[in-house]
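1. my questions are about this predicted structure, shown below with the sequence.
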Amino acid sequence: MRKKVTSIALLVLVASMIIGSIPNYVYADSQSDSLIRIATQARDQLRIQLSKVDTSQEIEEKFGLGSTEIESLIKASKDENIPAAREHFLSAMKIFNEIIQQISEKASTSETTLSASQPAEAPRISNEIDRSERYIDQLKGISDKNGFEIDFSHAYELIDIARNQLGEDNSEAANSTIEEIKRSISELNETLREKTRQYTTDRAKTLAEKYLEDLDILIAEAEEVGVSQETLAKLVEIKEHLNSASDSSDVDQIINELRQLISAKQDFEDTKIERLKSRVNQLESKIVQLSNHPYEIPELGKAQDMLLDLTVLISEGSYNEALRVLNSLNDLINEIEYSISQRDEEITANEEDSSSSLDDSKTERIKIKIQRLETAINKLAEEVGENAAAKRWLDNALSLLENAKKYVDDSPDESLKIITSIEQIIKRIQNTIQ
């Protein structure tokens, strides 16, 4: 028995030396796993030894407290809260060491000669009261450290009552009060365990809510950038699973879903960067084409400056700001291209007017333009595939086209405005599916 107890004590001593020699910044997963293994091994060996001897309620309660600290150690490790994991590990080792000392003292006492006199009643009761008070102090320390609201006043009042009774030489009453103290300690232990479980659950749900907000933003960015339908569907699926886990308060499931989200978020960031670079190259090619246009384009200089800013933002890793500038630049290029097309149409119209009859009216030209747009939209409908954003824009363009047809006879100018909007939408769709 003494050898077994000594081996556990050595395990606790080695664990304490290890924890003292590891700096905070190396508490990664492997170190946390090692501390968990050391703590659980010490607990399991100690449980075996306790099963072989008569143990007091105090030792059983201390063992339960040490087990609670190991549970907190495991939760802190999952949350990657390294300082908390360190504190819970040290607390568990300290408690197990105290139990080992008590077992050793008991074993030493049992090995003395049978003629040794038993300790006096008053000193025994006094020691029992002192041990109970120290144990309550430990419970209160854990409670305060975690910010739990637990009332320890009744337990301390019982300690004072027991000391007063012992001072009045009323050992019988003091022993009775000690039993009340033990029951109070058991209740405090259970309350502390429940608070720890609830704290862990609440913290996991808070993290889930925060990541759900981030996930909404991420999905919106994915739609705006125009990522594949597979990537978008994966993000939506993770959101649904995380919502479900949060509602069920399943801590392990929440942590598992958060890990998947972090992995998916990194994959999306990589995809987003590549998509941004691809779209920048497309816009740069358009600007080069526009710079070769036969007549001056006033807004082209602004577009070139925006392209330079966009390149710098991507090189600095400011991808969200880069996306904003990219969309603005894309809109500006669409406006430039539309302005050029309008000018070209005016030139063409003037040329046609000089050679065509006076019956070629403005209304007829608008109808021709509507027919061309309808052909272009139908062609795009075959090319958008599963791109959700492009599909929405295509539906919008079709709706506007119907409105343009309604106004062509009664209000040609209104029809032309609608046609302008349709042409801009078509440009955006073409950029998205390229």
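-> Received the coordinates, thanks. This structure is a prediction, so every number in the text was calculated from the model and none was measured.

2. buried stuff in stretch 191-200?
-> Of all the residues in stretch 191-200, those buried under the rule 16 or more other C-beta atoms under 10 Å are 191-193, 195-196, 200. The C-beta positions use only the backbone N, C-alpha and C, and glycine is treated the same way.

3. out of the residues you listed, which comes closest to residue 44?
-> Comparing those against residue 44 with C-beta to C-beta picks out residue 193 as the nearest, at 19.1 Å.

4. packing partners for the helix or strand harbouring that closest one?
-> Using DSSP states H and E, residue 193 sits within helix 171-225. Where contact means 3 or more C-beta pairs under 8 Å, 6 or more residues apart in numbering; DSSP states H and E, helix 171-225 is packed against helix 57-78, helix 121-146, helix 153-167, helix 229-248, helix 251-291, helix 319-355, helix 388-407.

5. now that helix, how far from the chain's geometric center?
-> Offset of helix 171-225 from its chain centre (C-alpha atoms, centre = their mean, to the nearest Å): 18 Å.

6. mean confidence for that helix?
-> Taken as a whole, helix 171-225 has an average pLDDT of 81.

7. cool, stretch 388-396 as well?
-> 82.

8. mind listing what's buried in it?
-> Quick answer for stretch 388-396 (16+ other C-beta under 10 Å): 389-390, 393-394.

9. cool, stretch 169-188 as well?
-> Using 16+ other C-beta under 10 Å as the test for burial, stretch 169-188 gives 174-175, 177-178, 181-182, 184-185, 188.

10. so the helix or strand hosting residue 366 versus helix 388-407, what angle?
-> With elements taken from DSSP H and E, the one containing residue 366 is helix 362-381. Helix 362-381 and helix 388-407 are oriented at 160 degrees to each other (axes from the mean of the first three to the mean of the last three C-alpha atoms, to 10 degrees).

11. now do helix 362-381 and helix 319-355, the angle between them.
-> Between helix 362-381 and helix 319-355, the angle comes out at 140 degrees (the same axes, to 10 degrees).

12. got a list of contacts for helix 362-381?
-> Residues outside helix 362-381 that contact it (C-beta atoms under 8 Å, 6 or more residues apart in numbering): 349, 390, 394, 397-398, 401, 404-405, 408-409, 412, 415-416, 419, 422-423, 426, 429-430, 433.

13. got it, and stretch 122-129?
-> Residues contacting stretch 122-129 (C-beta under 8 Å, 6+ apart): 58, 159, 162-163, 166, 169, 171, 174-175, 178, 181.

14. pull the distance from that stretch to the chain's centre.
-> 51 Å.

15. so for it, mean pLDDT?
-> Stretch 122-129 shows an average pLDDT of 91 in the prediction.

16. now it: buried residues?
-> For stretch 122-129, by 16+ other C-beta under 10 Å, it's 125-126, 128-129.

17. now the residues you listed as JSON lines including distance to residue 80?
-> Converted to JSON lines, the buried residues of stretch 122-129 look like this (distance: C-beta to C-beta, whole Å):
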{"residue": "125", "distance to residue 80": "46"}
{"residue": "126", "distance to residue 80": "45"}
{"residue": "128", "distance to residue 80": "41"}
{"residue": "129", "distance to residue 80": "41"}
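
18. closest to residue 316 out of the residues you listed?
-> Minimum distance to residue 316 across these is 66.5 Å, recorded for residue 129 (C-beta to C-beta).

19. quick one: contacts for residue 337?
-> Counting by C-beta under 8 Å, 6+ apart, residue 337 touches 286, 290, 427.

20. for the last one, give me its contacts.
-> Remark: with contacts taken as C-beta under 8 Å, 6+ apart, residue 427 is in contact with 334, 337-338.

21. got the domain ranges for the chain?
-> Domain segmentation of the chain under automatic domain parsing yields 2-106+122-200, 205-277, 295-358, 361-434.

22. which stretch in these has the least confidence?
-> Mean pLDDT is lowest for domain 205-277 among those, at a mean of 68.

23. first to last residue in that one, what's the distance?
-> This stretch, domain 205-277, spans 37 Å end to end (C-alpha to C-alpha, to the nearest Å).

24. which SS state does residue 148 fall under?
-> The three-state label given to residue 148 by DSSP: H, G, I helix; E, B strand; the rest coil is coil.

25. how far away is the closest residue to it other than its chain neighbours from residue 150?
-> Setting aside the residues directly before and after it, residue 148 is nearest to residue 195 in space (C-beta to C-beta, 6 or more residues apart in numbering), at 4.5 Å. Residue 195 sits 7 Å away from residue 150, going by C-beta to C-beta, to the nearest Å.

26. before we move on, what about residue 312?
-> Separation of residue 312 from residue 150 (C-beta to C-beta): 56 Å.

27. who has more neighbours, the two?
-> Set residue 312 next to residue 150 and count neighbours by other C-beta atoms under 10 Å: residue 150 wins out with 15 against 12.

28. that one contacts residue 191, correct?
-> Yes. Using C-beta atoms under 8 Å, residue 150 is in contact with residue 191, at 5.7 Å.

29. overlap of the contact sets of the two?
-> Listed as contacting both residue 150 and residue 191 by C-beta under 8 Å, 6+ apart is no residue at all.

30. what sits closest to residue 175 if chain neighbours are left out?
-> Per C-beta to C-beta, 6+ apart, closest to residue 175 is residue 125, 6.6 Å.

31. pretty sure residue 433 contacts residue 389?
-> No. With contact defined as C-beta under 8 Å, residue 433 does not reach residue 389; the gap is 9.5 Å.
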